[in-house]
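Enquirer: Build the 3D model from these lines:
(one chain, ligands or ions: 1)
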Amino acid sequence: MTFYDPAGKVPDFNVPQPQSSGPPKLVVPHAAPEGDTDVDSNELYGSGLLIPGQSYTFTFPKPGVYSYVCVVHAPQGMFGTITVAAAEQPTKPASLPNTGAGGSESPLLPLLAGALVLMLLGMLSWRIARRKLP
Ligand SMILES: [Cu+2]
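Expert: Predicted coordinates:
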C-alpha cells in the first residue's frame, strides 16, 4: 500500500537504479522507513511489499483523506482512500442541578457514623439499664 497524490500519477512498482557495476538494482520506492510516521495526505509513502502473513501498522499523525494504491495491482484498480477524523475531545458529563445538599464525599460516611453513634448509645443505655436491675 502506497499513499499517493490522486492528482498525480500512480507511483511505480519499482524503479531501476543503476549501480557502479552489474545490473541495475530494482528499488521499491516510497517504502516507509522503520518507525517513520511523518506523512502528508499527498506525500508518497508506503508499507513496502507485504507477503501473506505480514502486517503493517501506521498511525496517522493528523486528520485528512489519504489516497492509497497497491502499486502491484494498480492496473487492476486496487485503489482506496482512508479518512482520518479528528480525535473527539472527552466531553464533560452534563452536570446535575445543584440542590445545595451533599458534596463530593460519599453519602455512606455520614450514615455509617450515625449508625455507630446509635450503636454506642444503645450499648450505653443497655448497660445503664442493667445497673439499675437488682
Ligand atoms: Cu495488491
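Enquirer: next helix or strand past the helix or strand bottoming out on mean pLDDT in the chain?
Expert: Sorting the helices and strands of the chain by mean pLDDT, DSSP states H and E puts strand 45-46 at the bottom, at a mean of 71. As assigned by DSSP states H and E, the chain's next helix or strand after strand 45-46 is strand 64-69.
Enquirer: next one: the next helix or strand after that next one to chain centre, how far?
Expert: Where DSSP H and E defines the elements, the next helix or strand beyond strand 64-69 is strand 79-84. How far strand 79-84 lies from its chain's middle: 18 Å, per Cα atoms, centre = their mean, to the nearest Å.
Enquirer: which other helices and strands contact strand 79-84?
Expert: Applying 3 or more Cβ pairs under 8 Å, 6 or more residues apart in numbering; DSSP states H and E, one finds that strand 79-84 contacts strand 64-69. Placement of C-beta: from N, CA and C, glycine included.
Enquirer: can you give me the angle the strand it packs on makes with strand 79-84?
Expert: Here strand 64-69 runs at an angle of 160 degrees relative to strand 79-84 (axes from the mean of the first three to the mean of the last three Cα atoms, to 10 degrees).
Enquirer: Sheet-wise, list the partners of strand 64-69 with their directions.
Expert: strand 2-3 (antiparallel), strand 79-84 (antiparallel) (DSSP bridges).
Enquirer: buried residues in the last one?
Expert: Within strand 79-84, no residue qualifies as buried by neighbour count (16 or more other Cβ atoms under 10 Å).
Enquirer: Which is the succeeding secondary structure element to it?
Expert: That would be, after strand 79-84 and using DSSP H and E, helix 108-131.
Enquirer: can you list contacts of that next one?
Expert: The set of residues external to helix 108-131 that reach it, using Cβ atoms under 8 Å, 6 or more residues apart in numbering, is empty.
Enquirer: Please tell me how far it is from the chain's geometric centre.
Expert: Taking mean C-alpha positions (Cα atoms, centre = their mean), helix 108-131 and its chain are 53 Å apart.
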